[in-house]
Every structure is written in structure tokens, then in C-alpha cells.
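[1] sequence? don't have it. structure:
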């Protein structure tokens, strides 16, 4: 009896311990994989939010400077003999363009001859940048405080008012400068843009956004106690436009934050002021879900391991009896007694053991399959189902090695949709998502099995085709034109007929070059396509300067 109990205990403890260790290792591996993916998603999300803020701020400033230019062309502003008429016109303009807190017209010497509500009328502003720079040409100044103007304007909040100067010379039909049309934009508009971007992220905790000046990295917009103070972050110096960049940074308060960066370098013909956008989230808030997921996976692994150990204990009792009988029979046979080994009974118990072992292996296989499925999800875009940036990197590792072996080259085509923002604004983001799915389907149908179409984010896609070195540029142009043609065809979505354009930039990778460099070249060519008319393809040639 003792011998049977000892065998059962030893067998149960051995297999139970093995299962707990293997379940623990597998749980840690899966948990770490999930945590890394969550960290990347959080960082990328913050970087994308910063990019959206930079893009909206630049497009807002572009629109306002365009409005001032349009106003300066009005004939009524050229007639300085009718100051009352000009005064009335400026009041109407301010009503129609509420973003401007003050609009004024000066003569060529810098004296305000007419302004909204008569504020600063008759005042000499010739030494202020809004006049000194505006008399030279279109001028957009950085954020600043205007103490005199702030005292004269209504201020219900009581907080220090800040403005952005926009001005342009007023030129009559004969080309003579008559003066300067100057306006002050309230910096409150930036708060409104910030709120519109952060509102969809209310489910995320402790997200802060900052607008930082290009000079000395001084905070222009953000938490009150940080406005006017410089930010000393490594990522600020490396922030680039059109690149999702994030890192874990130690801030002025000594705490660590997941921080996304973006650089505003203008919009259309507006060169921009070099504002940098920073979006941060505390590590505790950003990675809290990751830690909870890791704890859940580990606890679940231990729980199921204990359940399985109890099952092994039960099965060990079933197995130990026939083994004991076989051992007893063998001992009797050694002593010379005539007996037979209970083969039939022994075979049945062995079959039960085989079934248990097969169940154990199947359990491990299912866990490995689940891990593989998680990796597949991590490499594909959740909206369109096509590869994402990580999937693209995985493809490039294989494709470049194959190209080196076969002596072929890869052509990188970067593209994004022309007019996608207006689709979102007009038909809603759901329709925009369906449009991105339809675009992905069309792109996928155009490539071969050994090629790839991937979504980098927003309406940005990458297509990589394989070709010979002699026909790489020709094939790239052919595919680019086909893409433009196919995506120009109308989309019937949710009962709407939607038209979008497509701009493409492409570059050729040869053995010895870095794929990421070629992707950057194709992106630069894409920028040229958008800048020179859109809905066209541009080949990156190192002999040209973009």
C-alpha cells in the first residue's frame, strides 16, 4: 500500500510541477508580448494625436491668413477718404470672421486709421511687428501677449490674453501701398482645437497636450503652471513631420510619461511657425491595462495548472494500481512462481495514460496556436485587415533576403488619398472607415501574391512590388498609374457616391540600401506629388532635389 501511495504522490507532484512551470512560462511569454503591443499602441496613439493637432493648427492658421489676404483685396479698403465706411466694413468683417478679436487698418506710417470698436484708432503701431513685417508682405507672428489691446478687449475669464498677429499690405489697383491690414487672432482658438481632438479620447485617463514654441521650446498652450516655461525633452529636438514618434520621457516634475511628438511645418502655402505638439500620458495610466492583462494571464495560467494538477492526482490513482499489480507479478515471477502478467488490464491503463498525454500536448498546442494568432493580429491593421507597419517590417525582412538571392529589386510606392478629410467631414467617420476598407480591397486585388499592400495609418498606404532592375522604374510608374486610375473610380458607400483622388510617390530599393531609407525617399516623392497638383505619381531621383 505504501509503495502504491508513494508512486501516486511522486507521479502527481512531478507532472503537476511540470505543468505549473510550463503554464507559468507560457503565461509570461504571452503577457510580455501583449504588454509590448499595448505599449506600442499607446505611444503610436499619442503620436498620432499630436500629429492631428499640428495639422489642424497649421490648417487653421493657413485659413486665417488666407482670409486676411482676401479682405485686403476689397476695393472699399483702398478709399481712405471714407474712413467711416471702412470702419463699418471692418465691424462687418469681424462679425463674419469671429476668429479675429481685432481688425485694424493703418496708413503707410503705421497709424491706425480705422479698427473694430474703434480700439487703437489713431494709435501709432509702426514699431510693432504686426506693422513692420506686414508692410513688407504677408506676415503671421508667433503667440504673444498684447498688454494694451488686452486691456481694451472684453475678457470674461480674467486670464492673461494671448494673440497671434496676422497682417498684409493693402495695395491699390496701381500697385501703390496704401497701408497695412492687421488683425489679432485670439489664442483661445487653439484651446478649441485642442478640445475637439481630445474629446474622443475622454475614455483615456490623464492625457495632456502642449503646444511648444520653436524658440527655446517654451510652452505656449498646456497646463497653466507650465505656460511660458521651457520643456527639456529629448524627443522635442528629434520631432519630425509625418513621422509617428514617441518615447518615455522624464518631465520637469521628475515623473515619467509616455510622450508623443509632432512638428507643424506649415500647410499648403503657409510655411508655419515651427510649433511642436507634445501629447503625454502618465506611465501608470498608459500601462495600467497592460499590467492588469499580465496579472490576469499569469493568474489564469496558475489556476488552470492547479486544476490540471488535481486531474493528474486523480489519474495517478488509476495508473498506480495496475503498475503495482504488474510490479508484484514481476516479483512473483522472479521468485519462480508461475503467474501471468495482466496484459489486458495493463494495456487499458496505458491507453488511458496515452490519452492523458495527448490531451496535455493538445493543450500546449492550443496555447501555442493562440500565441500565433495574437502575433497575426499584431501585424495587421484592425480596421482594414491588411498588414500594418509591423507587418510591413516583417514582410521586408523576407522580401529583401529573397530579392538578394534572386537578383531582383523592390519598388516602394507611398500613397495617400486626396480629399479623404472632406469625406470624414461630410459623411462622417464611419463612412470614412468604410472608404478605407474599400481602398484596401482595391489595392489588394492589384498586387501579386509575393507583394504587399499595407496601411501605415490614417489614409496613408504603402505598396511594394517586385521587379527586375531594368524595369523597376517603368513597372513602378505603371502600377502607380493603375492605382491612381482604380482609386479615382467612384465608391458607392452607405448610399453615397464618393470620389477621392490619390497621390503617389515611389522609389527603388537595391541590394545594399536600407529599406527604411527607400521608404523615406518614396514619402518625399509623395510630398512632391501633393505639392505639385495631387492625383499624380512622382519618382524619387537622387539627382533631383525635393
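    Nice, thanks for sending it over. The shown structure was predicted, so the numbers you read here are calculated from the model rather than taken from an experiment.

[2] what ranges do the strands span in the stretch 51-200 of the chain?
    100-106, 112-115, 139-145, 162-171, 177-186 (DSSP state E, counting those that start in this stretch).

[3] Put together JSON lines for the ones you listed, with mean neighbour count, mean pLDDT and distance to residue 49 on each row.
    Heads up, the C-betas are built off the backbone N, CA and C, glycines and all. What follows is the strands of the stretch 51-200 of the chain, written out as JSON lines (neighbours: other CB atoms under 10 Å; pLDDT from 0 to 100; distance: least, CB to CB, whole Å):
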{"stretch": "strand 100-106", "mean neighbour count": "24", "mean pLDDT": "84", "distance to residue 49": "28"}
{"stretch": "strand 112-115", "mean neighbour count": "21", "mean pLDDT": "87", "distance to residue 49": "38"}
{"stretch": "strand 139-145", "mean neighbour count": "17", "mean pLDDT": "72", "distance to residue 49": "21"}
{"stretch": "strand 162-171", "mean neighbour count": "22", "mean pLDDT": "81", "distance to residue 49": "22"}
{"stretch": "strand 177-186", "mean neighbour count": "24", "mean pLDDT": "84", "distance to residue 49": "23"}
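
[4] So for residue 486, which of those strands sits nearest?
    Among the strands of the stretch 51-200 of the chain, strand 139-145 comes nearest to residue 486, with 39.4 Å by CB to CB.

[5] Distance check, residue 453 against residue 387.
    8 Å (CB to CB, to the nearest Å).

[6] any chance of the strands of the stretch 51-200 of the chain in TSV, plus distance to residue 516?
    Formatted as TSV, the strands of the stretch 51-200 of the chain follow (distance: least, CB to CB, whole Å):
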stretch	distance to residue 516
strand 100-106	44
strand 112-115	53
strand 139-145	34
strand 162-171	37
strand 177-186	39
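
[7] Quick check: which of the ones you listed is nearest to residue 247?
    When the strands of the stretch 51-200 of the chain are compared (using CB to CB), the closest one is strand 139-145, at 25.8 Å.

[8] Pull the contacting residues for residue 466.
    Listed by CB atoms under 8 Å, 6 or more residues apart in numbering, the contact set of residue 466 reads 399, 403, 408-411, 448, 450-451.

[9] between residue 453 and residue 387, who's got more neighbours?
    The neighbour comparison of residue 453 against residue 387 (other CB atoms under 10 Å) goes to residue 453, with 25 against 20.

[10] That one in helix, strand or coil?
    Three-state assignment for residue 453 (DSSP: H, G, I helix; E, B strand; the rest coil): strand.

[11] distance of it from residue 463?
    Distance of residue 453 to residue 463, given as CB to CB: 5 Å.

[12] what residues do those two have in common as contacts?
    With CB under 8 Å, 6+ apart, residue 453 and residue 463 have common neighbours 443, 446-447.

[13] May I see the residues you listed organised as a markdown table, with pLDDT and distance to residue 478 added?
    Shown next, in a markdown table, are the shared contacts of residue 453 and residue 463 (pLDDT from 0 to 100; distance: CB to CB, whole Å):
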| residue | pLDDT | distance to residue 478 |
| --- | --- | --- |
| 443 | 95 | 15 |
| 446 | 92 | 11 |
| 447 | 92 | 13 |
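
[14] Tell me which entries of these lie within helices.
    Residues of the shared contacts of residue 453 and residue 463 located in helices (DSSP state H): 443, 446.

[15] Show me which of the shared contacts of residue 453 and residue 463 are buried.
    Among the shared contacts of residue 453 and residue 463, those scoring as buried are 443, 447 (criterion: 16 or more other CB atoms under 10 Å).

[16] Closest one of the shared contacts of residue 453 and residue 463 to residue 510?
    Ranked by distance to residue 510 (CB to CB), the shared contacts of residue 453 and residue 463 are led by residue 447 at 20.5 Å.

[17] residues in contact with the residue nearest to the closest one when sequence neighbours are not counted?
    Among residues not flanking residue 447 along the chain, residue 453 sits closest, at 5.5 Å (CB to CB, 6 or more residues apart in numbering). Listed by CB under 8 Å, 6+ apart, the contact set of residue 453 reads 386-387, 440, 443-444, 446-447, 461-463.

[18] again, but for residue 537
    Taking CB under 8 Å, 6+ apart, we find residue 537 in contact with 477, 480-481, 484, 503-506, 529.

[19] try residue 85
    Neighbour list for residue 85: 76, 79 [criterion: CB under 8 Å, 6+ apart].

[20] any idea how far it lies from residue 78?
    Applying CB to CB to residue 85 and residue 78 gives a distance of 11 Å.

[21] what's the answer for residue 42, then?
    55 Å.

[22] hmm, back to that, out of the strands of the stretch 51-200 of the chain, flag the one nearest residue 237.
    Of those, nearest to residue 237 by CB to CB is strand 139-145, at 18.9 Å.

[23] Surely residue 133 touches residue 141?
    Yes - Residue 133 is within contact range of residue 141, at 7.1 Å (criterion: CB atoms under 8 Å).

[24] how about residue 217, phi and psi?
    phi 50, psi 40 (degrees, to the nearest 10).

[25] Could you tell me how many residues sit around it?
    That count, for residue 217 with other CB under 10 Å as the rule, works out to 17.

[26] Now do the contacts for it.
    Per CB under 8 Å, 6+ apart, neighbours of residue 217: 230-233, 236, 276.

[27] Next step: the residues you listed restricted to strands.
    residue 276 (DSSP state E).

[28] Columns distance to residue 127, neighbour count and pLDDT on top of the contacts of residue 217, output as TSV?
    Shown next, in TSV, are the contacts of residue 217 (distance: CB to CB, whole Å; neighbours: other CB atoms under 10 Å; pLDDT from 0 to 100):
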residue	distance to residue 127	neighbour count	pLDDT
230	27	15	82
231	31	21	81
232	34	12	80
233	35	23	81
236	32	18	74
276	30	23	81
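
[29] Taking the contacts of residue 217, tell me the two that lie furthest apart.
    Every pair of the contacts of residue 217 checked by CB to CB; the farthest is 232 and 276, at 12.9 Å.

[30] separation between the most centrally placed residue in the chain and residue 54?
    In the chain, the C-alpha nearest the mean C-alpha coordinate belongs to residue 48, at 3.4 Å (CA atoms, centre = their mean). To residue 54, residue 48 is 11 Å away according to CB to CB.

[31] circling back to that earlier point, what remains of the contacts of residue 466 if I keep only buried residues?
    If we count by 16+ other CB under 10 Å, the contacts of residue 466 have these buried: 399, 403, 408-411, 451.

[32] Dig out what the closest residue to residue 276 other than its chain neighbours forms beta bridges with.
    Leaving out its chain neighbours, the residue that sits closest to residue 276 by CB to CB, 6+ apart is residue 212, at 4.4 Å. Here residue 212 sits in beta bridges with residue 219, residue 276, going by DSSP bridges.

[33] residue contacts, residue 212?
    If you count contacts by CB under 8 Å, 6+ apart, then residue 212 has 218-220, 231, 236, 275-278 around it.

[34] can we see that at 10 Å?
    218-222, 226, 230-231, 233, 236, 239, 261, 263, 274-278 (CB atoms under 10 Å, 6 or more residues apart in numbering).

[35] What subset of those residues is buried?
    Neighbour counting over the contacts of residue 212 (16+ other CB under 10 Å) leaves 218-222, 226, 231, 233, 236, 239, 261, 263, 275-278 as the buried ones.

[36] Just the closest of the residues you listed to residue 497, please.
    For the buried ones among the contacts of residue 212, the nearest to residue 497 is residue 277 (35.7 Å; CB to CB).

[37] just checking, the closest one touches residue 214?
    No - in this structure residue 277 lies outside contact range of residue 214 using CB atoms under 10 Å: 11.7 Å.

[38] Which neighbours do the two have in common?
    263-264.

[39] surely residue 116 meets residue 91?
    Yes - Residue 116 is within contact range of residue 91, at 5.7 Å (criterion: CB under 10 Å).

[40] the more surrounded of the two?
    Comparing residue 116 with residue 91 by other CB under 10 Å, the one with more neighbours is residue 116, at 22 against 16.

[41] picking up where we left off before, output the contacts of residue 453 in JSON lines; the columns should cover distance to residue 18.
    Formatted as JSON lines, the contacts of residue 453 follow (distance: CB to CB, whole Å):
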{"residue": "386", "distance to residue 18": "41"}
{"residue": "387", "distance to residue 18": "38"}
{"residue": "440", "distance to residue 18": "45"}
{"residue": "443", "distance to residue 18": "48"}
{"residue": "444", "distance to residue 18": "45"}
{"residue": "446", "distance to residue 18": "51"}
{"residue": "447", "distance to residue 18": "47"}
{"residue": "461", "distance to residue 18": "48"}
{"residue": "462", "distance to residue 18": "46"}
{"residue": "463", "distance to residue 18": "48"}
